[in-house]
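J.: build me a structure from this.
(2 chains)
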Amino acid sequence: MTEVKDHPTTTSDNEGTAAAPSRNRGALWALRKAGTLIIDNRPVLLVILILALGGYMAYMYPVSFPTAENFGAVLLNAAQSGILVIGMMLLMIGGSFDLSIGSTLALSGVVAALIITQGGLPPWLAVIGGILAGVVCGLVNGVIVTKVRINALIATLATAGIIRGVTQLVSGTGVGYIDPEFAKLGQTTFFGLQSPFWIMIALAAVAAVLVARTRFFRQYYFVGSNERAARLSGMRPPRLILISFLIMGGLAGIAGVLSAARLNAAVVTAGTGVELQVITAAVLGGATLKGGEGTILGGVLGVLFIAIVNNALIIMRVDAFWQNIVVGVVLLLAVSLDRWKRSAAT
Amino acid sequence: MVTATAQTTQRDTSRTPRLALRGVGKSFGVVRALNDVSMTLLPGEIKAVVGENGAGKSTMMKMIAGVETPDEGELLIDGVVRHDLTEAGAAALGIAMVHQERSLVGHLSIAENIFAGRQPTRAGLIDRRRMRRDAAAILERLRVTVSPDALVSSISPAEQQMVEIAKALSQELRVLILDEPTAALTVTETQRLFEIVRELRDAGTSILYISHRLAEVFALADSVLVMRDGTRTAERPIADLTESQLMTLMVGRELSFERVRRSVGHGGDADRLTITGLAAPPRVQDATLDVRGGEIVCLSGLIGAGRTELCEAVFGLGRRTAGTIRIDGAEVDIRSPRDAMRLGIGMIPEDRKEAGLFLDMSIELNVAATNLSTVAPGGWLSPRRMRSLAQHYVELLRVRTPDVEQHVDHLSGGNQQKVLLAKWIARRPRLLIIDEPTRGVDVGARTEIYAVIRELAAEGTAVLVVSSDLTEVLALGDRIFVMAEGRITGEIDGDEATEMAILELASPKTRTAEEVGL
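T.: Modelled structure (predicted):
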């Protein structure tokens, strides 16, 4: 914010006095450098945005916003998208994406619930079953995209519908009152925060290190940047993309199981529209549809930002229908920011 | 320089210049792309524009075509100052540019591409019959034997280049800008292009012709504009210059591609790569060649002879239907680039932007891409190792860049090619295949790249160079294989080779109906 205010004064100084141009130019250069550093570094930009919005809310709504309960609610809401954005970020770095995550999430929850209520099996098997259901969905997507070679938009748009339909076929309206033991998984609190949040943090931390520092995951950046060059450099793009779909499916499975556990009920409409939130978060976090860019940390911070925006809307008593509108606008703004950055660079 | 311009002017003193630049300047951020450049182009004049990559030629052409606006100076067309010329404005004034980058849409027909955005209409609808007829007439004029209905994606790169030229010819032309038009063309196609350019000149069109190939400049141009580091170093009638004088003006020092006599180095008698009777349809029919350790073997031939496809087959791309590949005498089955790399083979593809580099990534990441096991021992990436590896090769290959964090799309063509070489040399390959090592690379960087290739061979690497540039083949090759229509038609000792001998072997003897039908 400060550099926006300072800019005009520095420029007019430069024009007015020729006496000390070098010092002024130095200051201007430093500001511009700081400006590009912030815009280039998405995590830093997002932390600034989150702090700014949080600060504003705390100032305007000192009673309802800065409370432990409210923070707990924000972080719990962020948990689901946070888990999903890990997989989405990896897919988008590799130049792909998945629109079927909401449906996969619902199916996984239903599968986990049915394993307990219909199969009479213990909760830990339900967890594994639910996650496996997600992995299978990911496998289907991955095979369609890499082997049948249908592009990710069409392929996952189709499977989104198919998977949602299968979920409804299997469970009708859903499964209620699953099992108190199973529900503990999603309802236990540590340090005042519910388990889904901690699971998200753990997954994100591991993924962030893996993506940033391992040879295997680094390959996704090359594949996303130039698939042909990656192939000619000895990488196996189709295999890598397939694996990222499997990971995405598995993560959607985890999110689905956690959601069912948290509510102790599996709803067929679970995860509707979640892809908009997650892709928006990934783009905020530095991902592009073209691929080759983005970080896990950026994606998670993007989710956090959107969660705070949603929370702010609730606290300001804005109609719930506005939430989708706001998230859509944020997505457009994030993409425009990227465009603007690119045109400024050339 | 004033006198030089005056001489050219003598022929048409009465006429105002078709195009003139006066003290034009342009900056991109901190980079000064053009500085105080002036130029005069008369009606019916062919002016060659030469200079190393990054000399400012492209920026200048884009300015004339209305893509860029000058920061300083004036652009005059027919004596009228044109500020804020737009692309549409330039087109309306009869200025057309054939870009180096392809602007064609693959899944549309040739006719549609030629008339992109200007399709003839009748009652508001596209008049397909007329469009086809007009397109066919232009193609006929270029002697391109493809149907105007064929999809652009189904024709060869050379034919695509001709369609690109056809696109420019389809409109009323007063100034035609050709940016490296012959890079993908065969000898005959180049000759045909020259005829057309001369016809256009005689009809009064002014032509700006950018080329790295000096022989073309001397064959075609009336005058030449030499650029260096964003400034004009000379503008003279071509008759006033010799080839070596022109080269000196371009690079600021004497240069030539002398053949360096070298004794074939270590392990020079052992076959590193042996290809026998290899077939990889549709382009490679029956290819047999060998490369020894420490040797530079050049593979020459016309565009479409199957050279690239042969290399791709060795590197595990494309399907091999017959023949054997042996590495160090042992038969190998290479099915993917990964397999090839395990055997110590590297390949530098001809299209460095599409297939070679990660343009939006830094130099260090580009080098790391093929050296992940070096920079990530045990699977964990080491930023320090990544940096030092890139730094080492940037220095060794003299890549001109402030640091290794620079994105490669900000580098000039020559420096990009060096980064591409670094990617593979860092792997210390036993066999390195280089497809067109200096396409679109300026004269200075070319000599440096040749030195690197010789050095590599001297250390024992077997090098297979594919090149369409005869001067390059003659300068580099210890032995030269020539390919035509998917077959190796001959092998010549590098010290005895001549352009004529290579061309003889390269020209197709028979043409199948299928190929003519293309």
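
J.: tally of neighbours for residue 149?
T.: No chain in the question, so chain A it is. Counted by other C-beta atoms under 10 Å in any protein chain shown, the residues lying close to A:R149 total 9. Yep, even glycine has a C-beta here, placed from its N, CA and C like the rest.

J.: look at chain B instead
T.: 13.

J.: for A:A255, which non-adjacent residue is closest in space?
T.: Residue nearest to A:A255 in three dimensions, not counting chain neighbours: A:I83, with 4.6 Å by C-beta to C-beta, 6 or more residues apart in numbering or on different chains.

J.: give the rounded mean pLDDT of the helix or strand where the one you found lies.
T.: Per DSSP states H and E: A:I83 is located in helix A:68-93. Here helix A:68-93 scores 94 as its mean pLDDT.

J.: between the helix or strand just after that helix and helix A:68-93, how big is the angle?
T.: Once helix A:68-93 ends, the next helix or strand along the chain (criterion: DSSP H and E) is helix A:101-117. If you take axes from the mean of the first three to the mean of the last three C-alpha atoms, to 10 degrees, helix A:101-117 sits at 110 degrees to helix A:68-93.

J.: tell me the contacts of the residue nearest to A:A255?
T.: Shown in contact with A:I83 (C-beta atoms under 8 Å, 6 or more residues apart in numbering or on different chains): A:P196, A:I199, A:M200, A:L203, A:A204, A:L251, A:I254, A:A255, A:L258.

J.: show the buried residues in those.
T.: A:P196, A:I199, A:M200, A:L203, A:A204, A:L251, A:I254, A:A255, A:L258 (16 or more other C-beta atoms under 10 Å in any protein chain shown).

J.: among those, which one lies nearest to chain B?
T.: The closest of the buried ones among the contacts of A:I83 to chain B turns out to be A:A204 (C-beta to the nearest C-beta; 18.8 Å).

J.: which one is the closest one nearest to, not counting chain neighbours?
T.: Here the residue nearest A:A204, using C-beta to C-beta, 6+ apart, is A:V300, at 4.9 Å.

J.: with A:V175 instead?
T.: A:A113 (3.8 Å).

J.: verify the contact between the one you found and A:G172 for me.
T.: No: counting by C-beta atoms under 8 Å, A:A113 sits too far from A:G172 to count as a contact (12.0 Å).

J.: more neighbours, the two?
T.: Ranked by neighbour count (other C-beta under 10 Å), A:A113 and A:G172 place A:A113 first, with 29 against 10.

J.: now the more buried one: how far from chain B?
T.: 38 Å (C-beta to the nearest C-beta, to the nearest Å).

J.: now do the contacts for that residue.
T.: Here A:A113 is in contact with A:A126, A:S171, A:G174, A:V175, A:I178, A:A260, A:A265, A:A266 (C-beta under 8 Å, 6+ apart).

J.: where does chain A get nearest to chain B, residue-wise?
T.: A:R215 (3.6 Å).

J.: so that residue sits right up against B:A369, yeah?
T.: No: between A:R215 and B:A369 there is no contact under C-beta under 8 Å: 11.0 Å.

J.: quick check: closest non-adjacent residue to the closest residue to chain A within the stretch 301-450 of chain B.
T.: Relative to chain A, the nearest point of the stretch 301-450 of chain B is B:A376 (3.6 Å; C-beta to the nearest C-beta). Using C-beta to C-beta, 6+ apart and skipping residues adjacent in sequence, the residue nearest B:A376 is A:R215, 3.6 Å away.

J.: check contacts around the one you found.
T.: B:L372, B:S373, B:V375, B:A376, B:G379, B:W380, B:L381.

J.: if you rank those by neighbours, which is first?
T.: In terms of neighbour count, B:V375 stands highest of the contacts of A:R215 at 25 neighbours, by other C-beta under 10 Å.

J.: check contacts around the closest residue to it other than its chain neighbours.
T.: In space, and not counting its chain neighbours, B:V375 is closest to B:M386: 4.2 Å by C-beta to C-beta, 6+ apart. Contact partners of B:M386, counting by C-beta under 8 Å, 6+ apart, are B:E364, B:L365, B:V367, B:A368, B:V375.

J.: cool, B:T16 as well?
T.: B:T16 touches B:D78, B:G79, counting by C-beta under 8 Å, 6+ apart.

J.: circling back to that earlier point, hmm, which two among the contacts of B:M386 are most spread apart?
T.: B:L365 and B:V375 (9.6 Å; C-beta to C-beta).

J.: so A:T288: helix, strand or coil?
T.: Here A:T288 is recorded as coil under DSSP: H, G, I helix; E, B strand; the rest coil.

J.: dihedrals phi and psi, it?
T.: phi -130, psi 160 (degrees, to the nearest 10).

J.: same thing with B:L19?
T.: phi -150, psi 140.

J.: surely B:I434 forms part of a strand?
T.: Yes: the assignment for B:I434 (three-state DSSP) places it in a strand.

J.: and chain A, which residues reach chain B?
T.: Counting by C-beta under 8 Å from any C-beta of the partner chain, the residues of chain A close to chain B are A:212-216, A:218-219, A:221-222, A:225-226, A:228-236, A:292-293, A:346.

J.: list buried residues within the residues you listed.
T.: For the residues of chain A next to chain B, a burial check counting by 16+ other C-beta under 10 Å picks out A:214-215, A:218-219, A:221-222, A:225-226, A:229-236, A:292-293.

J.: helices and strands of chain A: which one has the lowest mean pLDDT?
T.: Within chain A, confidence by mean pLDDT, DSSP states H and E is lowest for helix A:2-16 among all helices and strands, at a mean of 36.

J.: for chain B, give me the ranges with low pLDDT.
T.: The model of chain B has pLDDT under 70 over residues B:1-14, B:29-31, B:53-54, B:100-102, B:251-258, B:261-269, B:507-518.

J.: who in it is up against chain A?
T.: B:28, B:315, B:317, B:336-338, B:341, B:347, B:349, B:354-361, B:365, B:368-370, B:372-373, B:375-376, B:379-381, B:423.

J.: which ones among those residues are found in helices?
T.: B:P337, B:R338, B:M341, B:L365, B:A368, B:A369, B:L372, B:S373, B:V375, B:K423 (DSSP state H).

J.: ok, the residue lying closest to the last one once chain neighbours are set aside to B:V463 distance?
T.: In space, and not counting its chain neighbours, B:K423 is closest to B:T370: 4.7 Å by C-beta to C-beta, 6+ apart. For B:T370, the distance to B:V463 equals 17 Å [C-beta to C-beta, to the nearest Å].

J.: just A:N311 next, same as before
T.: 63 Å.

J.: more neighbours, these two?
T.: Comparing A:N311 with B:V463 by other C-beta under 10 Å, the one with more neighbours is B:V463, at 26 against 22.

J.: what sits against the closest residue to the more buried one other than its chain neighbours?
T.: Leaving aside its chain neighbours, B:V463 sits nearest to B:I296 (4.6 Å; criterion: C-beta to C-beta, 6+ apart). Each residue near B:I296 by C-beta under 8 Å, 6+ apart is listed here: B:I453, B:R454, B:A457, B:V463, B:V465, B:L476, B:G477, B:D478, B:G494.

J.: mean confidence for the helix or strand where A:I306 lies?
T.: Assessed by DSSP H and E, A:I306 sits inside helix A:296-315. Helix A:296-315 shows a mean pLDDT of 94.
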